[in-house]
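Chemist: following is a predicted model, sequence given first.
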Amino acid sequence: MKSTQYPSVWDAITDTPQETASLKARSKLMMELSEVIHTRKLRQKDAADLLGVTQPRISDLTRGKIHLFSLDMLMDMACTAGMSPEVTITKPAHKRVVDRRSAAARRTASAAVAVGPRSVASA
C-alpha cells in the first residue's frame, strides 16, 4: 500500500482547496479563542458573556466542534474578545501559460514574414 503525505491534516480530509482554507482558518481561530478562555481562566458562562454568545456555544468551541462555527462567527467572537484577526493571502507563483494554437500561429506568421521578403526580392 502506497502512503500519501499531505501538507496538513486538512488537506487529507477535504476534497477542495476551498474547504481546506476554510477549515484551516476556522481551526486557527478556535484554538486562539480557546487559548484566551484558558489564559484568562474564564468559566464557560463568563467566556460566553465576554464573547456575546451562549454557554453551550463556548462548550462547542472548547470541544473543537468546528462544523458548528462559520468563519464569520469566529471572526466576530475574536474581535469581541479584543483580538485583531487578519487574513493572510499568498499568491500562487506566476506561471506563463502558452496557448499552443496561438504559439503555432505566431511561428507561422513569423515564417511567412521571413519568407515574404526573400520571395519578393527574388522576383
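Modeler: Here it is on my side, so go on.

Chemist: just the buried positions in the helix or strand containing L50, please.
Modeler: Using DSSP states H and E, L50 sits in helix 44-51. Neighbour-count burial for helix 44-51 flags 44, 47-48, 50-51 (criterion: 16 or more other C-beta atoms under 10 Å). The C-beta positions use only the backbone N, C-alpha and C, and glycine is treated the same way.

Chemist: now name the helix or strand holding the residue nearest the centre of the chain.
Modeler: Residue closest to the average C-alpha location in the chain (C-alpha atoms, centre = their mean): A21, at 3.3 Å. Using DSSP H and E, A21 maps to helix 17-39.

Chemist: dump the buried residues of helix 44-51 into TSV; add pLDDT and distance to V36 as well.
Modeler: Below are the buried residues of helix 44-51 laid out as TSV (pLDDT from 0 to 100; distance: C-beta to C-beta, whole Å):
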residue	pLDDT	distance to V36
Q44	97	13
A47	97	8
A48	97	13
L50	94	9
L51	94	9
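
Chemist: for these, which one is nearest I37?
Modeler: Among the buried residues of helix 44-51, A47 lies closest to I37 (C-beta to C-beta), at 4.6 Å.

Chemist: where does pLDDT dip in the protein?
Modeler: For the chain, the stretches flagged by pLDDT under 70 are 96-123.

Chemist: same thing but 90
Modeler: Scanning the chain with the threshold set as pLDDT under 90 gives 1-18, 87-123.

Chemist: and the residue nearest to the centre of the chain, how far from E86?
Modeler: Per C-beta to C-beta, to the nearest Å, A21 is found 15 Å from E86.

Chemist: okay, the buried residues of helix 44-51 in CSV with distance to H38 next?
Modeler: Shown next, in CSV, are those (distance: C-beta to C-beta, whole Å):
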residue, distance to H38
Q44, 11
A47, 10
A48, 15
L50, 13
L51, 14
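
Chemist: closest to K65 out of those?
Modeler: Q44 (13.8 Å).
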